[in-house]
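Q: Have a look; sequence and predicted model below, questions after that.
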Amino acid sequence: MLKESIKMALENIVSNKMRSFLTMLGIIIGVGSVIALITIVSGATSTVTDQVASMGANTVTVQVQGTPLKQGLTQGDVNKIAELSNISGIAPTISGQTTVAFDGNTMDEITLQGKNDVYFENTEDVISSGRIINTIDTENKSRVALIGNDIANELYIGKNPIGQEIKIGGIAYHVIGILQESDSFASADTNSSVIIPYTTAMGVVGAKYINSMTVYIADEALADTTTRQIEGVLTKAFNGDEDGYSIVNMQSILETIEEMTSILSMMLAGIASISLVVGGIGIMNMMLVSVTERTSEIGLRKALGAEPKQIQLQFLIESVVLCLIGGIIGFILGVSLAWVVANLIGTSFALTASTVLLAIGFSAAIGVVFGFMPARKASRLNPIDALRSI
Amino acid sequence: MPEKILEMKKLVKTYIMGEEEQMVLKGIDLDINRGDFLSVLGPSGSGKSTLMNIIGCLDVPTSGTYYLSGELIRDLPEVDLSHIRNREIGFIFQQFQLLPRLSAQKNVELPLIYAGVPEKERQARSAHILERVGLADKMNNRPNQLSGGQQQRVAIARALVTEPTILLADEPTGALDQQTGHQIMALFKELYQEGKTIVMITHDADVAKNGSRIVRIVDGNLSEGVYNA
């Protein structure tokens, strides 16, 4: 019976090609736009969250603005934070401007950064050659430096800078590595930077305070608690003045982004699903026309022994089949559109099983919901009246 | 002693038309035995269509009793009536009522689908019965590829395929030319000779003569006519 009904439904759809297509168009557009939006938004979301996560999902970033009384953090403050539980490492940063010189040539307006071994352990691709700043350099306040690409090219023409000397702010350092070349659009242009151990920087460059630091957390699940503890230390250090610093928990940023995009994608899908409802009404309209047109067929089937339920099922299957075909076409169009858009704006494209199920489930549900009334009408026709309507 | 398969006693059918009650059948008494070929002859408006609807279990009487194969047909749920129709009645209509998109064989299979007969058996039975009505070579044709007479033969095959208790024909020659009508009547007679029970409703006295027994219906009353040999 079911097989026969599906077969008959397909025959009906095929024999009314134009009408079937126009009716399906509503479902095609509806499913297509819902699927396209969901796929595009989820692709964009995963691109953004990947980028954020690549900065370190297990990090808490502390930026110090300073107050008139306390301009930045001291090593003592850093040590207090390091004593907290659930902390795997702290990478303080000191920044400033300086002048570099080698062999009589000088370069101005060079960004100086003081960092430690923890930073290099947690950050990939910082240098292109040489070695990184290690624990011993940090502890011994060694006078070693990593230099940017532009500095290497301008000051050491025809020479390998590694192993050479460089004067930073007038003091001689040992060049141990060259920084990875950064493209011009990168936010931090490292081509004209030098990086030295932050402990060295604090002693030599006259930088007394630490401007920012990244705290690495051991267990991400406890990130919120640890963040609060760090905040406690900072509040104390700044005597309760919360304007002196800002603290950002990457995990919570990630969560916020995900929450926002899921609301966004639900909103967009909600708007797009209005067209699904319109499509469903189209289906209902066509099914009602079909019932009216085939009144005598319904009468005949009833005379031959069809139960009302069987008539209802037949029309319901027709509407579901119609919606499913529309849904599949819409799904293919929606996914293709999402693929094109993802490639154009350079976000990732991912098709999840839940999207496929959503499309199929939604179209079948529309078929049932909007096919129900016409099918019920068909099943309730009086066979005598129906047979008479020839 | 012939086996009585249909029995009507004081059967009344009234319709409510607005505020007026209209009595269409006014106390019908009718017995039909297995193997009868009964013609119900009556002009239009005589109530013969209503009688056909009640015999065919498409409608139920207002009062009186109607037994079909020993079962009382009354105001049953539609599911039960549809099962009775499927099992007991083989309908033959004036306008053939074939589904245009289905082949002759598929049309014949239709009542078997509702009877829950498996596909293989449906195909075998429908092929066999189409052969019986002389359409062995037209099984895959659609109705619009068949003549009127052939279409009515398909409809007769569809009525026969479930082996119903009664073949119920409503003006079976009404849409056919005279010669084709004669051929269809010849087929009815053959079926009668094979022992099938036929009830044929017609307004045409010449057609009615083909029956083994004729009853007249006039203004909702039935009067027994002549028995043909």
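A: That came in fine, so what should we check first? What you see is a predicted model; the values in this text were computed from it and never measured.
Q: what about the helices in chain B?
A: Here chain B has its helices, by DSSP state H, at B:48-55, B:78-88, B:104-115, B:119-132, B:148-160, B:178-193, B:205-208.
Q: helices and strands around the helix or strand encompassing A:Ser252, which ones?
A: Taking DSSP states H and E as the definition, A:Ser252 sits inside helix A:250-293. When contacts are defined as 3 or more Cβ pairs under 8 Å, 6 or more residues apart in numbering or on different chains; DSSP states H and E, helix A:250-293 packs onto helix A:17-54, strand A:59-64, helix A:223-237, helix A:308-345, helix A:353-379. Heads up, the C-betas are built off the backbone N, CA and C, glycines and all.
Q: Let me have those in CSV, adding mean neighbour count as columns.
A: Formatted as CSV, those follow (neighbours: other Cβ atoms under 10 Å in any protein chain shown):
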stretch, mean neighbour count
helix A:17-54, 20
strand A:59-64, 21
helix A:223-237, 17
helix A:308-345, 21
helix A:353-379, 19
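Q: Which of those sits closest to chain B?
A: Nearest to chain B, of all these, is helix A:308-345, at 5.3 Å by Cβ to the nearest Cβ.
Q: Report the angle between that closest one and helix A:250-293.
A: Taking axes from the mean of the first three to the mean of the last three Cα atoms, to 10 degrees, one finds that helix A:308-345 is oriented at 140 degrees with respect to helix A:250-293.
Q: Following the chain past the helix holding A:Ser252, name the next helix or strand.
A: Once the chain leaves helix A:250-293, the next helix or strand it forms, by DSSP H and E, is helix A:295-303.
Q: so who does the most centrally placed residue in chain B touch?
A: By Cα atoms, centre = their mean, the mean C-alpha position of chain B lies nearest to B:Leu168, the distance being 1.0 Å. When contacts are counted by Cβ atoms under 8 Å, 6 or more residues apart in numbering or on different chains, B:Leu168 touches B:Met52, B:Ile55, B:Gly56, B:Ile89, B:Gly90, B:Phe91, B:Ile92, B:Ala159, B:Val199, B:Ile201.
Q: and A:Ser273, what does it touch?
A: Taking Cβ under 8 Å, 6+ apart as the test, what A:Ser273 contacts is A:Gly30, A:Val34, A:Phe362.
Q: Flag the shaky bits of chain B, pLDDT-wise.
A: Applying pLDDT under 70 to chain B flags the ranges B:1, B:225-229.
Q: Enumerate the residues of it near chain A.
A: Residues of chain B found near chain A (Cβ under 8 Å from any Cβ of the partner chain) are B:53, B:56, B:58-59, B:78-79, B:82-83, B:85-87, B:89, B:91, B:93, B:95, B:97, B:99, B:101, B:110-111, B:113-116, B:158, B:162.
Q: Identify the residue nearest B:Pro100 in space, chain neighbours excluded?
A: Leaving aside its sequence neighbours, B:Pro100 sits nearest to B:Pro143 (Cβ to Cβ, 6 or more residues apart in numbering or on different chains; 5.5 Å).
Q: Repeat that for A:Ser128.
A: In space, A:Ser128 is closest to A:Gln180, 4.8 Å off (Cβ to Cβ, 6+ apart).
Q: For the one you found, give me its contacts.
A: A:Asp125, A:Val126, A:Ile127, A:Ser128, A:Asn149, A:Thr190.
Q: change it to 10 Å
A: Neighbouring residues of A:Gln180 by Cβ atoms under 10 Å, 6 or more residues apart in numbering or on different chains: A:Glu124, A:Asp125, A:Val126, A:Ile127, A:Ser128, A:Ser129, A:Leu146, A:Gly148, A:Asn149, A:Thr190, A:Asn191.
Q: would you turn the residues you listed into CSV with secondary structure, neighbour count and pLDDT?
A: Output for the contacts of A:Gln180, formatted as CSV (DSSP: H, G, I helix; E, B strand; the rest coil; neighbours: other Cβ atoms under 10 Å in any protein chain shown; pLDDT from 0 to 100):
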residue, secondary structure, neighbour count, pLDDT
A:Glu124, coil, 8, 78
A:Asp125, coil, 7, 77
A:Val126, coil, 16, 81
A:Ile127, strand, 18, 85
A:Ser128, strand, 12, 86
A:Ser129, strand, 13, 87
A:Leu146, strand, 27, 91
A:Gly148, coil, 24, 89
A:Asn149, helix, 17, 86
A:Thr190, coil, 21, 80
A:Asn191, coil, 19, 84
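Q: ok, the residues you listed vs A:Ala378, which is closest?
A: A:Glu124 (66.3 Å; Cβ to Cβ).
Q: which residues touch the residue of chain B found nearest chain A?
A: Residue nearest to chain A within chain B: B:Asn86 (2.4 Å; Cβ to the nearest Cβ). With contact set as Cβ under 10 Å, 6+ apart, B:Asn86 has these partners: A:302-307, B:57, B:111-116, B:162, B:164.
Q: now swap in A:Phe21 and tell me
A: Taking Cβ under 10 Å, 6+ apart as the test, what A:Phe21 contacts is A:Ile13, A:Ile28, A:Ile325, A:Gly326, A:Ile329.
Q: Which helix or strand contains the first one?
A: A:Ile13 belongs to helix A:2-15 when elements are defined using DSSP H and E.
Q: Pull out the buried positions in that helix.
A: A:Glu4, A:Ser5, A:Met8, A:Ala9, A:Asn12, A:Ile13 (16 or more other Cβ atoms under 10 Å in any protein chain shown).
Q: Same check on stretch B:169-188?
A: Buried residues in stretch B:169-188 (16+ other Cβ under 10 Å): B:169-174, B:176, B:180-185, B:187-188.
Q: Buried ones in stretch B:33-52, by neighbour count?
A: B:35-42, B:46-52.
Q: Now do that stretch: distance from first to last residue.
A: Stretch B:33-52 stretches 17 Å from its first residue to its last (Cα to Cα, to the nearest Å).
Q: burial count for the residue lying closest to B:Tyr15 once chain neighbours are set aside?
A: Leaving aside its sequence neighbours, B:Tyr15 sits nearest to B:Gln22 (Cβ to Cβ, 6+ apart; 5.1 Å). Neighbourhood size, B:Gln22 [other Cβ atoms under 10 Å in any protein chain shown]: 11.
Q: what is the mean pLDDT for stretch A:34-46?
A: In this model, stretch A:34-46 has an average pLDDT of 87.
Q: Which secondary structure state is assigned to the closest residue to chain B within chain A?
A: The minimum distance from chain A to chain B, using Cβ to the nearest Cβ, falls at A:Gly305 (2.4 Å). Secondary structure assignment for A:Gly305 (DSSP: H, G, I helix; E, B strand; the rest coil): coil.
Q: Now for B:Gly18, how many residues are close by?
A: The local packing of B:Gly18 (other Cβ under 10 Å) involves 6 other residues.
Q: Ramachandran coordinates for it?
A: In this entry, B:Gly18 is assigned phi and psi values of phi 60, psi -120 (degrees, to the nearest 10).
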